[in-house]
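Asks: show me the folded form of this:
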Amino acid sequence: MNNIKSWLAVSAVLFSTAVFADDRPSPPPGGGGKPPSFSEMDQNGDGVLTSDEVDGPIRDHFDDIDANGDGEITEQEFADHRPPGPPPSDQ
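Replies: As a prediction, this is how the structure comes out:
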């Protein structure tokens, strides 16, 4: 009887360890899931973003953000861009 209880206790501990193990990478320091600022993405400091300087959702929507179609995103274009999604509700 004690062997069964011991086996169950050990199994429970091992199972819970496997269930709660987290293999996801940690977010970047100071990021907290917050997207980088314009100046953080402007790697060469020229005041515009090119497709080589961005990744993720910004790269996916680069042409939408680049309002004048010149292949560069200015800080104003970046600020003016609103990510696609439902409009905020008034309720």
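Asks: local confidence estimate at M1?
Replies: M1 is assigned 68 on the pLDDT scale.
Asks: contacts only, for the nearest residue to L49 once chain neighbours are set aside.
Replies: The shortest distance from L49 to any non-neighbouring residue, by CB to CB, 6 or more residues apart in numbering, is to I73 (4.2 Å). Yep, even glycine has a C-beta here, placed from its N, CA and C like the rest. The neighbours of I73, taking CB atoms under 8 Å, 6 or more residues apart in numbering as the test, are 48-50, 54, 58, 62, 65-66.
Asks: show me which of those residues are buried.
Replies: Buried subset of the contacts of I73 (neighbour count, 16 or more other CB atoms under 10 Å): 48-50, 54, 58, 62, 65-66.
Asks: now for those: which two are most distant?
Replies: Maximum pairwise distance among the buried ones among the contacts of I73 (CB to CB): 13.0 Å, between V48 and I58.
Asks: quick check: the nearest residue to A79 once chain neighbours are set aside vs H81, distance?
Replies: Among residues not flanking A79 along the chain, F38 sits closest, at 7.8 Å (CB to CB, 6+ apart). The gap separating F38 from H81 is 11 Å, by CB to CB, to the nearest Å.
Asks: repeat that for N3.
Replies: Where H81 is concerned, N3 sits at a distance of 65 Å (CB to CB).
Asks: who's more crowded, these two?
Replies: Higher neighbour count among N3 and H81: H81, with 15 against 7, using other CB atoms under 10 Å.
Asks: need the contact list for the closest residue to the more buried one other than its chain neighbours.
Replies: Spatial nearest neighbour of H81, chain neighbours left out: I65 (4.4 Å); criterion: CB to CB, 6+ apart. Shown in contact with I65 (CB under 8 Å, 6+ apart): 58, 73, 77-78, 81.
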